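**Student:** coords please:
(chains A and B)
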Amino acid sequence: MTIKNFKALKDTQKTMTNQVSLRNEGQSDNDQIEILVGLATCGFAVGADETLFSIEQRIKEENFNAKVVGVGCIGYCHKEPTIQVNIPGKKPTLYGPVTAEMVTPFMQAIMNNEDTFDDHIIETSFDKAVL
Amino acid sequence: MMTDTTPKMQYRIALRNCGFINPENIDEYIAVKGYQALGKVLSEYTPQKVVNVIKESHLRGRGGGGFPTGLKWELTARETSDEKYIICNADEGDPGAFMDRSILEGDPHSVLEAMAIAGYAIGSNKGYIYIRAEYPLAISRLQTAIEQARSYGLLGNDIFSSGFDFDIELKLGAGAFVCGEETALINSLQGLRGEPNKKPPFPSVSGFRGKPTSVNNVETFANIPAIIMKGPEWFQSIGTKHSKGTKVFALAGKVNNVGLVEVPMGTTLREIIYDIGGGISDGKAFKAVQTGGPSGGVITEENLDTPIDYESIRKIGSMMGSGGMIVLDEDTDMVELSKFYLDFTQDESCGKCTPCRIGTKRLYEILDRLTQMEGTPEDLDLLEELSHNVKDSSLCGLGQSAPNPILSTIDRFREEYEAYAYRTKKTTYSIDEDKCIGCTKCSRVCPVDCITGEVKQPHVVDESECIACGACYNACPVDAIIKP
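**Tutor:** You can find the predicted model right below:
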């Protein structure tokens, strides 16, 4: 696909916004849960790739209505692997650390809206420029 | 658990997409209005207008020097030449710094987009990213991003049917610290030895292949699309009088919340270390914070409330540098700290100029003999004199700034240097007889069996045998062990 001009880019952007809208404030037109895993060098160093793989496995095995996306550094090195859980209609929440071993109970808690992992919640300390 | 309940002190511009989008999927970058800044300049701005917007924003180079980015672009733009080049300096080399790596791994497209904008502004069709080979993940994500941008026609010929061509190539560096200096970087890029050249001529006049070249840092580029989209007034509204926008810091060392932070210029170090960083780890006391890497210095308690920008941080004896921020606690030995940095710089000195090649080596040797208890009081004067000589006579920034860690610590912690020079530094542990309850815990953990005493009687350390491992200190339940 070649984007031929500025207008075509803006049109493309409109069709793509649904890919990231859930991550902002929880806007979504369906009820699929999205999980972001921080996959930068810092995350890899403590096994964030294994966490991501385990989450994928759980989603497949349990047929959860969820998807997982690898993203860059979330900035909380002291709480790696760091995960952002985006549930439609709710404010996205950061959790950490969530290691591969913790994924089974973690997914159980997320999918069933249980509070078992509330002590792993990271309060975000930043705002950001929105273009 | 630590809960950070403070108001949001961080504001992310350069890191706006890090941790938010999948860096290996260009569609997610487009979804957050990626490449629209490029579209805007190609369809609505003249190259001169782009330069003007960046000048008006007062963006300054985030690699450490703080040179106005718009001016750098203008100087390169006004040269006439058949070819010009844009270079992204991704040779991040300060120990403990990982700002650029995180941006490249988390949001590579923002850097590519900014490079194309810079190319349009100065009249260049070719960009290079000089990145160290030690960053394999950043390299692979950049490669993926470049291929995806080419397949969408966002890099290549006739971008957005505007007639503007721009493409980017990656060049891997072998990890020499000096190659972060722009003229050394250009030499390395040309296949020559990574050594700096005398300036002038500046790269804006004669850079890569002798052509006008603008070398900008990763974080500088990451700010560009946001400035174009939101306007220079918006950017100017953030920060201090002379330093606009934000700065990314890699917060590391003895601090609870180690991490990557981006704060508006003018934020104080106390806010960064205590409010964002959660204070000093293990309940220890703060001693100093080291900024600017091997070129910088230490900042102590008395200056923690200084709002940080390029100028103020120089006034308190350090420098902004690229953004490394290492927190030191009460246990840090400042002479050992200087020795660590000088070991690094003497190793990384390229050897082209004598003051840096030999001077940093001699500085390191003086520090080494001090810490071995083989120094003399005269060594302190020699350290200071030689430090000034190396600063004043080195060819490039590496040598000119290499003595800074010494000058900064000798100024504030002279007593620590004197303790070594006069050989009065205590290097072994001892026991406070009044506090000791004779529980025997210390003697049981001592790996060299140099603590003796009867049960319920004060114990004694044989200081000739003590190896200063600290095991007794940690074992003592009543704080009776006295540290060296």
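
**Student:** B:Arg357: what secondary structure?
**Tutor:** Secondary structure state of B:Arg357, per DSSP: H, G, I helix; E, B strand; the rest coil, is helix.

**Student:** out of everything not next to it in sequence, what's closest to it?
**Tutor:** Nearest non-adjacent residue to B:Arg357, counting by Cβ to Cβ, 6 or more residues apart in numbering or on different chains: B:Gly351, 4.6 Å away. All C-beta atoms are positioned from the backbone trio N, CA, C, and that covers glycine.

**Student:** looks to me like that neighbour is in a strand.
**Tutor:** No: read with three-state DSSP, B:Gly351 is coil and lies in no strand.

**Student:** what is the neighbour count of it?
**Tutor:** 11 (other Cβ atoms under 10 Å in any protein chain shown).

**Student:** thought it was touching B:Gly359?
**Tutor:** No: using Cβ atoms under 8 Å, B:Gly351 makes no contact with B:Gly359, being 11.7 Å away.

**Student:** any idea how far B:Thr144 is from whichever residue of chain B sits closest to chain A?
**Tutor:** Proximity of chain B to chain A (Cβ to the nearest Cβ) peaks at B:Gly106, 2.0 Å away. B:Gly106 sits 13 Å away from B:Thr144, going by Cβ to Cβ, to the nearest Å.

**Student:** please apply the same query to B:Glu454.
**Tutor:** 70 Å.

**Student:** quick one: distance of the worst-scoring helix or strand of chain A on mean pLDDT to the chain centre.
**Tutor:** Least confident helix or strand of chain A, by mean pLDDT, DSSP states H and E, is helix A:21-25 with a mean of 89. Offset of helix A:21-25 from its chain centre (Cα atoms, centre = their mean, to the nearest Å): 10 Å.

**Student:** quick check: the residue nearest to A:Phe126 when sequence neighbours are not counted vs B:Ser102, distance?
**Tutor:** Among residues not flanking A:Phe126 along the chain, B:Gln10 sits closest, at 3.4 Å (Cβ to Cβ, 6+ apart). Look at B:Gln10 and B:Ser102: by Cβ to Cβ, they are 14 Å apart.

**Student:** okay, these two: which has more neighbours?
**Tutor:** When neighbours are counted by other Cβ under 10 Å, B:Gln10 and B:Ser102 differ, and B:Ser102 comes out ahead with 29 against 24.

**Student:** after the helix or strand containing that one comes which helix or strand?
**Tutor:** Secondary structure from DSSP states H and E places B:Ser102 in helix B:99-106. Per DSSP H and E, helix B:99-106 leads on to helix B:108-122 as the next helix or strand towards the C-terminus.

**Student:** does chain A sit close to that following helix?
**Tutor:** No: with Cβ under 8 Å from any Cβ of the partner chain as the criterion, chain A is not reached by helix B:108-122; the gap is at least 8.8 Å.

**Student:** neighbours around residue 129, how many?
**Tutor:** You didn't pick a chain, so chain A it is. 23.

**Student:** ah, I was thinking of chain B
**Tutor:** Neighbours of B:Ile129 using other Cβ under 10 Å come to 26.

**Student:** skip the chain neighbours and tell me the closest residue to it.
**Tutor:** B:Cys88 (4.4 Å).

**Student:** hmm, the longest helix anywhere in chain A in reach of chain B?
**Tutor:** Determined from DSSP state H, the single longest helix within chain A is helix A:48-62. No: no part of helix A:48-62 sits close enough to chain B to count as contact by Cβ under 8 Å from any Cβ; the gap is at least 10.6 Å.

**Student:** cool, and stretch A:68-80?
**Tutor:** Yes: residues of stretch A:68-80 contacting chain B under Cβ under 8 Å from any Cβ: A:69-78.

**Student:** nearest to chain B among these?
**Tutor:** Of the residues of stretch A:68-80 next to chain B, the one sitting nearest to chain B (Cβ to the nearest Cβ) turns out to be A:Gly72, at 2.0 Å.

**Student:** surely A:Gly47 touches A:Val98?
**Tutor:** No: when contacts are counted by Cβ under 8 Å, A:Gly47 is not listed as touching A:Val98 (10.1 Å).

**Student:** in terms of neighbours, single out the busier of these two.
**Tutor:** Neighbour count, other Cβ under 10 Å: between A:Gly47 and A:Val98, A:Val98 has more, with 24 against 17.

**Student:** contacts only, for the nearest residue to the more buried one once chain neighbours are set aside.
**Tutor:** Distances taken as Cβ to Cβ, 6+ apart place A:Ile83 nearest to A:Val98, at 4.9 Å, with adjacent residues excluded. Contact analysis of A:Ile83 by Cβ atoms under 8 Å, 6 or more residues apart in numbering or on different chains lists A:35-38, A:51, A:94-96, A:98.

**Student:** now A:Ile83: how far from chain B?
**Tutor:** 10 Å (Cβ to the nearest Cβ, to the nearest Å).

**Student:** now the residue nearest the centre of chain A: which helix or strand?
**Tutor:** Geometric centre of chain A, nearest residue: A:Leu36, 1.9 Å, by Cα atoms, centre = their mean. Using DSSP H and E, A:Leu36 falls within strand A:33-38.

**Student:** ok and that strand relative to helix B:99-106, angle-wise?
**Tutor:** If you take axes from the mean of the first three to the mean of the last three Cα atoms, to 10 degrees, strand A:33-38 sits at 140 degrees to helix B:99-106.

**Student:** pairing partners for strand A:33-38, with directions?
**Tutor:** Next to strand A:33-38 in the sheet, as set by DSSP bridges, lie strand A:66-71 (parallel), strand A:83-86 (antiparallel).
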